[in-house]
Structures are given as C-alpha cells and as structure tokens.
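> Generate coordinates for the sequence data below:
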Amino acid sequence: MLWPNFTININPGFPNLSVDVWLPNGPNTAKGFSEQYFAPGVNKDWAEELIHFNTEVGLEDDILTNSVQLGLMGGTPSVGRFLTNSEHLCIHFQKLIVNAMCD
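Residues are numbered from 1 along each chain as shown. Below is the predicted model of the structure:
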C-alpha cells in the first residue's frame, strides 16, 4: 500500500526516477527525503541540472505547504462539506484512513 506521503516521479529526458517520502515529525511538522536514480550512461551535467531543478521545486513546495499548515492550525469551521466534483483526492484519503483503522 502506498500512502500520499510517497511520490514516484519520472521526468522527461534521459531515463530517471525520483522517490520522495515524507514522515510525521510531530503534530504539525514532517520531515522528508528524496532519492534520485539515473540509468547508466546518463549525461552527468543533465542529471545534476535535474537534481538542482527538483531541489528548487521542493523548496517552493515547502513554502506552499507550510502556509497551508499555518491555515490549518487556525482551526476548522464548525460545519462544512467536500465539493465532490473537485475534492475527490481528499475524500479518497479519508476513506484510506477509515479502512486502515477498521482493519
């Protein structure tokens, strides 16, 4: 079973694969790591450029997810509902949690 804290990426270009994993590091934080793999013979400069690009994107994502976390810490409304046409990933995740807890 793969949870949403596990990502596999394949970028265009030379054969490559990256794996990202995030783990809880307290009630409001997480710590993650990335591993990048390249096929034999992949151009070293291209691989280093891709690693640099992925690092930049990761830092931008950190800023965004940290701001979301701050919003979540502000509390939740007393009532609300999912928009079933656009929030299917949130609904799916909640179903995964319920099923894991019931097993």
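
> So, low pLDDT: which residues of the protein?
1, 77 (pLDDT under 70).

> where do the strands sit along it?
Along the chain, counting by DSSP state E, strands occupy 6-9, 16-24, 30-38.

> what's the most buried one of those?
Highest mean neighbour count of the strands of the chain: strand 16-24, a mean of 14 (counted as mean count of other C-beta atoms under 10 Å). Using the backbone N, CA and C atoms, a C-beta is placed for each residue, glycine as well.

> Buried residues of the biggest helix by length in the chain, list them for me.
Of all the segments of type helix in the chain, defined by DSSP state H, the longest one is helix 44-73. For helix 44-73, the neighbour count (16 or more other C-beta atoms under 10 Å) marks 47, 50, 54 as buried.

> Hmm, Asn9 and the second one touching each other?
No: Leu50 is beyond contact range of Asn9, at 10.1 Å (criterion: C-beta atoms under 8 Å).

> and the residue of the chain most remote from its centre, backbone torsions?
In the chain, the residue that sits farthest from the middle, by C-alpha atoms, centre = their mean, is Gly41; the gap is 28.8 Å. Main-chain dihedrals, Gly41, degrees, to the nearest 10: phi 90, psi 0.

> Give me the distance between it and Phe82.
47 Å (C-beta to C-beta, to the nearest Å).

> re earlier: got the angle between the longest helix of the chain and strand 30-38?
Using axes from the mean of the first three to the mean of the last three C-alpha atoms, to 10 degrees, the inter-axis angle of helix 44-73 relative to strand 30-38 is 160 degrees.
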